[in-house]
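In: Dropping the sequence and predicted coords here.
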Amino acid sequence: MKPLIAFLLAVTLFPVTANALGGKLTSPSLSYRSDSSAIKKEKINKVIQFMGSDLKFIEGSFLNQFSFQRFGGTAKQVLRLIKLLNEAGLPVSIQFRDFGEQKSAFTLDEDSSKDYRRIIINSRRDDFKLSDFRAFLPMPRWPSQTKPERKGTPKLPVRQKLKSTAPATIR
């Protein structure tokens, strides 16, 4: 009886099929909407050509609508890619992270269902300076330079002597 119950639990608890498609990418790729104009598709193809010829494609993978790609290159090449993506009408979010290695310049992550792209720049690279990416850094929050106005001095409570109504007696 116990083996039968164990079998029934295993069949009901563990799914038989998985609906996912994933694998390795052998070359750079970009996702875009199928109803994009011919001009936009041409600009996107130029970006893909730039990614394949000027950047070093290290590795990539995809899972359903998500893709993850790793590239090598210089700071100027990364800036050129960001400019080309924006010109092609593919806005990109920029982040910085310490990858802990020198090989990768950046990663390009995409979610094609939301038309979202993110470039994460390797801040550990010796040949990258934050000043190269100044346009993508948030403005610093400086402390206020003016002192707050004081509206008078605070008044402290004054001690008052208590008046006794009873006559004082001296013994």
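Out: Cool, got the structure. Numbers count the residues shown, from 1 in each chain.

In: can you give me phi and psi for Ser67?
Out: Main-chain dihedrals, Ser67, degrees, to the nearest 10: phi -130, psi 150.

In: bridging residues for it?
Out: Taking DSSP bridges, one obtains Phe62, Glu110 as the residues bridged to Ser67.

In: Can you give me the pLDDT of it?
Out: As predicted, Ser67 sits at a pLDDT of 96.

In: For it, the count of nearby residues, please.
Out: The tally of other residues near Ser67 (other Cβ atoms under 10 Å) stands at 21. Every C-beta, even on glycine, is put in place using the N, C-alpha and C of the backbone.

In: Show me the strands in the protein, by range?
Out: Ranges of strands in the chain, per DSSP state E, are 22-24, 56-63, 66-72, 93-97, 106-111, 116-122.

In: Need the pLDDT of the residue nearest to Phe96 when sequence neighbours are not counted.
Out: With sequence-adjacent residues excluded and distances taken as Cβ to Cβ, 6 or more residues apart in numbering, Phe96 is closest to Ser123, at 4.5 Å. Note on Ser123: pLDDT of 91.

In: hang on, Ser123 packs against Arg97?
Out: Yes - distance between Ser123 and Arg97: 6.4 Å, which falls inside the contact criterion (Cβ atoms under 8 Å).

In: just to revisit the earlier point, quick one: closest of the strands of the chain to Pro143.
Out: Evaluated with Cβ to Cβ, those place strand 93-97 nearest to Pro143, the distance being 23.8 Å.

In: Give the rounded mean pLDDT of that closest one.
Out: Here strand 93-97 scores 93 as its mean pLDDT.

In: Quick one: list the elements packing against that strand.
Out: strand 116-122 (3 or more Cβ pairs under 8 Å, 6 or more residues apart in numbering; DSSP states H and E).
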